[in-house]
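S.K.: The following block contains a protein sequence and its predicted model.
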Amino acid sequence: KTLNKILFCGRVVKEKGVETAINALKFIHRTQHTVTLDIIGFISAQYQAELNQLIDELGLCDHIRFLGQSDDLSQIYPNYDVLFMPTQTREPFGLVLIEAMHYGLICFASDRYGPRNIIQHEHSGILIDSDKPESWASAFNNYCHQ
């Protein structure tokens, strides 16, 4: 399966695991150089500067974009193949997850809290029981090679 466009959508804060998604892309790029990650959601200027530095250090500047907030995600989801939701906090109910599934995205989510109640592993999405970027990249690569 060719999956080239990954979306991270939601509040862009440390607890939501955006750094996991960014670091996972580094491992994905070892074998799949065309994969991109777009980050949509509110982010503070300070945190964006920190993430931009990380992205620069990883050599991924041409593969990761911050697109700001969007009031109408229904126009955005169809442009992506995959949703990464590596939340590290209690996520009681993932509306973004439900919406992404509705638009046909393959959803990779943390195996905890709300996502665990929404996704049936390997049926309606992929649950990942780790905050390690290598685990996210491995799950993505394994899915692509099924």
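M.R.: Everything's here; your move.
S.K.: now the strands for this structure?
M.R.: Secondary structure of the chain (DSSP state E): strands at 5-9, 36-40, 64-68, 82-85, 106-110, 126-128.
S.K.: residue ranges with poor pLDDT in this structure?
M.R.: 1 (pLDDT under 70).
S.K.: what residue lies at the spatial centre of it?
M.R.: Phe84 (2.3 Å; C-alpha atoms, centre = their mean).
S.K.: what's near enough to touch it?
M.R.: Phe84 makes contacts with 6-8, 20-21, 24, 37, 108, 136, as judged by C-beta atoms under 8 Å, 6 or more residues apart in numbering. C-beta: built from backbone N, CA, C; applies to glycine.
S.K.: who's the nearest residue to Ile106 once chain neighbours are set aside bridged to?
M.R.: Residue nearest to Ile106 in three dimensions, not counting chain neighbours: Val82, with 4.9 Å by C-beta to C-beta, 6 or more residues apart in numbering. Note on Val82: beta-bridge partners by DSSP bridges are Ile6, Ile106.
S.K.: Grab the longest helix from the protein for me.
M.R.: helix 45-58 (DSSP state H).
S.K.: residues of that one that come out buried?
M.R.: Under the neighbour-count criterion of 16 or more other C-beta atoms under 10 Å, helix 45-58 has 51, 55 buried.
S.K.: Now do it: distance to the chain's middle.
M.R.: Distance of helix 45-58 from its chain centroid, counting by C-alpha atoms, centre = their mean, to the nearest Å, is 16 Å.
S.K.: now swap in stretch 112-120 and tell me
M.R.: Worked out by C-alpha atoms, centre = their mean, stretch 112-120 lies 15 Å from the chain centre.
S.K.: which residues make contact with that stretch from outside it?
M.R.: 85, 87, 90-94, 97-98, 101, 107, 109, 124-127, 129.
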